[in-house]
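Undergrad: Need a 3D model of the sequence below.
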Amino acid sequence: MKPILDVDNLTRIHGPGCPACLDETGPEHDTNICCHCGSVVAVAGASFRLHKGEVLGIMGESGSGKSSLVKMLYFDDRPTAGRTSFYDEGTAHDLFTLNEAQQLRLRDTRMGMVYQNPSLGLNFDISAGGNIAERLLMSDELNYRVIREKATALLARTEVPPARMDELPRNFSGGMQQRVQIARALSTGAPLLFLDEVTTGLDLSVQARILDLIMELQEVTGVSMLVVTHDLGVVRHLTTRTIVMKYGRIIEAGLTDQILEDPQAAYTQQLVSSAL
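TA: Predicted coordinates:
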C-alpha cells in the first residue's frame with residue numbers, strides 16, 4: 001500500500017529548549033514540562049505513515065500532543081525537528097523545506113482541515129457558499145457559475161440545505177457549521193483531510209450523524225484522513241489504525257480493533273477501561 005504521508009521524528013518544543021528537554025520529559029517522567037528550562041515538549045520523536053485511502057486515528061487525553069502534531073502537518077505550527085513527506089500525484093513534497101508560498105499552496109488545494117471550533121475553519125462574516133467559493137478561488141477556479149454549482153453540490157452532499165447557501169455560518173447550529181467545514185475542506189478534491197476533535201461539544205445524535213457522514217464521504221472519495229480525538233467511539237467508528245499519545249510521545253500503535261480489544265500499554269488500558 002502506497003503512503004500519502006510519511007512522518008519521521010517530528011518534534012515540537014515550546015520555549016527555549018535545552019539538552020535535557022527530551023530526556024527529562026515523557027510518560028516515564030509523567031510530564032511534558034522540562035524541569036531544567038521550563039519548556040513544554042508538545043511532541044517528541046513522532047514517526048508514522050498514513051497510507052492512501054486510510055483513516056488513521058490519533059488518540060490521547062488533553063495535552064497528549066495529538067492536536068500539536070496535526071497543527072504542524074497543516075502548517076499551523078512549525079516543528080522544532082523532524083521531517084515529513086507528502087506524496088501527491090507522483091510528487092514527493094518535503095513539507096518543512098518548502099517555502100511559505102509553496103506550503104500555503106499545498107494547504108489550500110491539496111489538504112483540508114476540519115477544526116473542533118468552526119470559527120477557526122470558517123469565515124463567519126461571509127455566507128456558507130462564500131466559504132466554499134473562497135477555497136475554490138485559491139485553487140484557481142474563477143468561473144462564478146461553476147463555483148456556485150460546486151458549492152451547491154458540496155453543501156447538498158454534506159446535508160446542508162442548498163437553500164441556506166447564502167446564510168452566514170454564525171446563524172447555523174454547531175453540527176451544521178461542521179458540515180460546512182467538511183464541504184469546504186473537500187471542495188478542491190484534496191487527497192488528505194485532517195479532523196481535529198470534530199464531534200466534541202455536539203449532541204450525541206448530531207455526533208452520530210456527523211460520523212456517518214464522514215465515513216460515507218470517505219468511502220465515496222477515497223480521501224485519506226488523520227482523525228484526532230479523545231473519544232474511543234470516534235476511533236472505533238472511523239479508523240482502521242490508531243496511534244496512542246501521552247505527554248508528546250507515541251506509546252502504542254496498531255490496528256484499531258486490536259488496540260481497543262487488547263491494549264498493551266498501561267495508559268491505553270486505562271483509556272479503554274475508563275470508556276467502558
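Undergrad: CA atoms for contacts and neighbours, from now on please.
TA: Will do.
Undergrad: Which of the helices or strands spans the residue lying closest to Met59 once chain neighbours are set aside?
TA: Leaving aside its sequence neighbours, Met59 sits nearest to Val244 (CA to CA, 6 or more residues apart in numbering; 4.8 Å). Element membership of Val244, judged by DSSP states H and E, is strand 241-246.
Undergrad: With just CA atoms, put that strand into PDB.
TA: The C-alpha trace of strand 241-246 is given here as PDB (Å, rounded to 0.1, in the frame of the first residue of the first chain):
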ATOM      1  CA  ARG A 241      -5.400   2.000  12.600                       C
ATOM      2  CA  THR A 242      -4.800   4.100  15.700                       C
ATOM      3  CA  ILE A 243      -1.800   5.800  17.400                       C
ATOM      4  CA  VAL A 244      -2.000   6.500  21.100                       C
ATOM      5  CA  MET A 245      -0.100   9.500  22.500                       C
ATOM      6  CA  LYS A 246       0.900  10.600  26.000                       C
END
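Undergrad: In its sheet, which strands sit next to it, and in what direction?
TA: Using DSSP bridges, the strands paired with strand 241-246 in its sheet are strand 55-59 (parallel), strand 249-255 (antiparallel).
Undergrad: what's the neighbour count on Arg78?
TA: Using other CA atoms under 10 Å, Arg78 has 16 neighbouring residues.
Undergrad: Read off the pLDDT value for Asn143.
TA: Predicted confidence (pLDDT) for Asn143: 90.
Undergrad: Kindly tell me how buried it is, as a neighbour count.
TA: With other CA under 10 Å as criterion, Asn143 counts 10.
Undergrad: Then the one 10 residues further on?
TA: In terms of burial, Ala153 registers 17 neighbours under the definition other CA under 10 Å.
Undergrad: and what of Gln177?
TA: As a burial measure, Gln177 scores 23 neighbours (other CA under 10 Å).
Undergrad: Give me the secondary structure label for Arg49.
TA: Classification of Arg49 using DSSP: H, G, I helix; E, B strand; the rest coil returns strand.
Undergrad: nope, Ile132 is what I was after
TA: Assigned with three-state DSSP, Ile132 falls in the helix class.
Undergrad: Surely it is in contact with Ser187?
TA: Yes. Between Ile132 and Ser187 a contact is recorded at 6.6 Å, counting by CA atoms under 8 Å.
Undergrad: ok, those two, which is more surrounded?
TA: Per other CA under 10 Å, whichever of Ile132 and Ser187 has more neighbours is Ile132, with 28 against 22.
Undergrad: Restricting to C-alpha, output the host helix or strand of Gln178 in PDB.
TA: Taking DSSP H and E as the criterion, Gln178 maps to helix 174-186. The C-alpha trace of helix 174-186 is given here as PDB (Å, rounded to 0.1, in the frame of the first residue of the first chain):
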ATOM      1  CA  GLY A 174     -22.800  23.500  15.700                       C
ATOM      2  CA  GLY A 175     -23.500  20.400  13.700                       C
ATOM      3  CA  MET A 176     -24.400  22.400  10.600                       C
ATOM      4  CA  GLN A 177     -21.200  24.500  10.900                       C
ATOM      5  CA  GLN A 178     -19.200  21.300  11.000                       C
ATOM      6  CA  ARG A 179     -20.900  20.200   7.800                       C
ATOM      7  CA  VAL A 180     -20.000  23.400   6.100                       C
ATOM      8  CA  GLN A 181     -16.400  23.000   7.300                       C
ATOM      9  CA  ILE A 182     -16.300  19.500   5.800                       C
ATOM     10  CA  ALA A 183     -17.800  20.800   2.500                       C
ATOM     11  CA  ARG A 184     -15.200  23.500   2.300                       C
ATOM     12  CA  ALA A 185     -12.300  21.000   3.100                       C
ATOM     13  CA  LEU A 186     -13.500  18.700   0.300                       C
END
